[in-house]
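> Have a look at this prediction, sequence included:
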Amino acid sequence: MIAADVTLGEGVVVRHPELVNLYGCAIGDETRIGPFVEIQAGAVIGRRCKLSSHTFVCTGVTIEDEVFVGHGVMFTNDRFPRATNPDGSLQTEADWSVEPTRVRRGASLGSNVTVLAGVTIGERALVGAGAVVTGDVPDFAIVAGVPARVVGDVRKEKG
C-alpha cells in the first residue's frame, strides 16, 4: 500500500505496490523500491537509491542520494525501547523520542544489516552483510561484524 500522504519523486519505481507499506514518507527521483519494504512517516529517501526487498525504514531515518540498501536491512529509532512505563502503563509517543539516523550519499548496506538509532553512516561507506551498526561509520570506511568495526577503506579497494 502506498498511502496518499507519500511524496514520490519523478521516475520512482515500486516493483510491487501491493506488497509495500509506505506512509508519510518522502522518496526522491528515480529511486527503486523492492517488495515487502516498509517506510514509515517522516523517513526521507534520496534520489537514485535502491531499497531491496524486506527492508524496514522507520521514522527518523534519512537516506541521502545514491544509497544501496540490501535485502532485509533494519533500522531502529529508539535506543531503549519499552512497551510499558515503570508503573505498568502502556507507553505512548509521549514517552519516548525519535533518535535520528542518517545514511550519507553513496553508501552501501549489505543484506541483513541492522542499524541502531542515532548513528550516521558516512559517505560512500560500505557496510558488510549481517553487520550490526552501533556507532558512526566514517566516510569511505568498510565495516563488518557484530558490532560493526572498520576493516578497510573503499578508496583502497578495486571496484
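That came through fine. This one's a predicted model, so the numbers in the text were calculated from it and none came from an experiment.

> residues touching Ala129, list them.
With contacts defined as Cβ atoms under 8 Å, 6 or more residues apart in numbering, the neighbours of Ala129 are 70, 110-113. (Each C-beta comes from the backbone N, C-alpha and C, glycine too.)

> switch to 6 Å and redo it
Ala129 makes contact with 110-112 under the criterion Cβ atoms under 6 Å, 6 or more residues apart in numbering.

> Listing request: residues of the chain with sub-threshold pLDDT.
Across the chain, the ranges flagged by pLDDT under 70 are 158-159.

> ok so, going back, so, if you compare the contacts of Ala129, which one comes nearest to Ser89?
Comparing the contacts of Ala129 against Ser89 with Cβ to Cβ picks out Asn112 as the nearest, at 34.8 Å.

> Would you confirm that that closest one contacts Ala131?
No: contact criterion Cβ atoms under 6 Å: Asn112 and Ala131 do not qualify, at 8.4 Å.

> what sits in contact with each of the two?
Common neighbours of Asn112 and Ala131, using Cβ under 6 Å, 6+ apart, do not exist here.
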